[in-house]
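Q: Just to be clear, the model below is a prediction. Sequence and coordinates:
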Amino acid sequence: MKDVVLKVDHVGMQFNLSAEKVDDLKEFIIKKLKRQITYKEFWALKDVSFELKKGERLGILGFNGAGKSTLLKVIAGVLKATEGSVTTKGKVVPLLELGAGFDKQYTGKENIFLYGAMLGYTKEFITRKYEEILEFSELGDFINVPVKNYSSGMKARLGFSIATIVEPEILILDEVLSVGDAKFRKKSEKRIKDMFDKGVTVLFVSHSLEQVKRLCDRAIILEHGHIIANGTVEEVSAIYEEKLNK
Ligand SMILES: Nc1ncnc2c1ncn2[C@@H]1O[C@H](COP(=O)(O)OP(=O)(O)OP(=O)(O)O)[C@@H](O)[C@H]1O
């Protein structure tokens, strides 16, 4: 138990899917008042349990809609599980939808402070790290321009530079190894690789089995929100390959 840094315990995540078709807000409110709106229970995750020890790198495999992103969001704390619990030890850095949390009206600089605060960093800490973040992002004078005028690659670069300024205990990656242009990609892969070398614990979602085999030592397969395989990356990728060929 000593080295366990992540414990996912019987996690279930339910979304309410409206079974009605409503065309506008007015119709929705009327139907809602008349109690004509019914919801279909839908569990994107059900009874998901596993543990990760320090330094383990878990690949999460599964077909479209299996619940992979939902699981990462629950672990990152973006979504609250309907049932069960997630316990983490140390700082969790989610590299999910990079830059999605930016306020477009504000400049890159202002967003460094806003986004940093969202990730739990103090103003003093960000002030100390500001130059380093700016340098890594390679945004130059664009840092004083509102984010609404950034390209998607520029936003992702800034998001990555802020999120990885600390060394986290747990790193959550959702196919973000492809942010920015080739040059930035090389740089960001190196930063992630340095974290790997220092023994960070990783959760990684990818549709590329090759990438999962290269980066991870353990894997799980999700199917309709359930874990159907859990083991070494070799064992689990063999099961997944079989599924792919069916
Ligand atoms: N906010 C939400 N409201 C309702 N349903 C949702 C919501 N988020 C996800 N879902 C549903 O939960 C299921 C799992 O979605 P999720 O994005 O976790 O799948 P995934 O395994 O990451 O898929 P993909 O490989 O396509 O990225 C899907 O059926 C999706 O429609």
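A: The structure has been received and is ready for your questions.

Q: Give me the distance between the residue of the chain most remote from its centre and the ligand.
A: Distance from the centre of the chain peaks at Lys34, with 38.9 Å (C-alpha atoms, centre = their mean). With distances taken as C-beta to the nearest ligand atom, to the nearest Å, Lys34 is found 24 Å from the ligand. (Glycine included, C-beta is placed from N, CA and C.)

Q: what do you get for Leu139?
A: Distance from Leu139 to the ligand, counting by C-beta to the nearest ligand atom: 29 Å.

Q: residues in contact with that residue?
A: 108, 154, 157-158 (C-beta atoms under 8 Å, 6 or more residues apart in numbering).

Q: pLDDT wise, what is it at?
A: Here the pLDDT value assigned to Leu139 is 95.

Q: What count of nearby residues applies to Ile192?
A: Look at Ile192: counted by other C-beta atoms under 10 Å, it has 21 neighbours.

Q: Spell out the residue ranges of the helices in the chain.
A: Ranges of helices in the chain, per DSSP state H, are 25-33, 68-76, 108-118, 123-137, 152-163, 182-197, 209-215, 233-244.

Q: does Arg57 really touch Ala219, like I thought?
A: No - if you go by C-beta atoms under 8 Å, Arg57 and Ala219 don't touch, sitting 9.3 Å apart.

Q: Among the two, which residue is more densely surrounded?
A: Neighbours of Arg57 and Ala219, each counted by other C-beta under 10 Å, are more numerous for Ala219; the result is 25 against 20.

Q: Would you mind confirming that that one makes contact with Ile60?
A: Yes - counting by C-beta under 8 Å, Ala219 does reach Ile60; the two are 7.3 Å apart.
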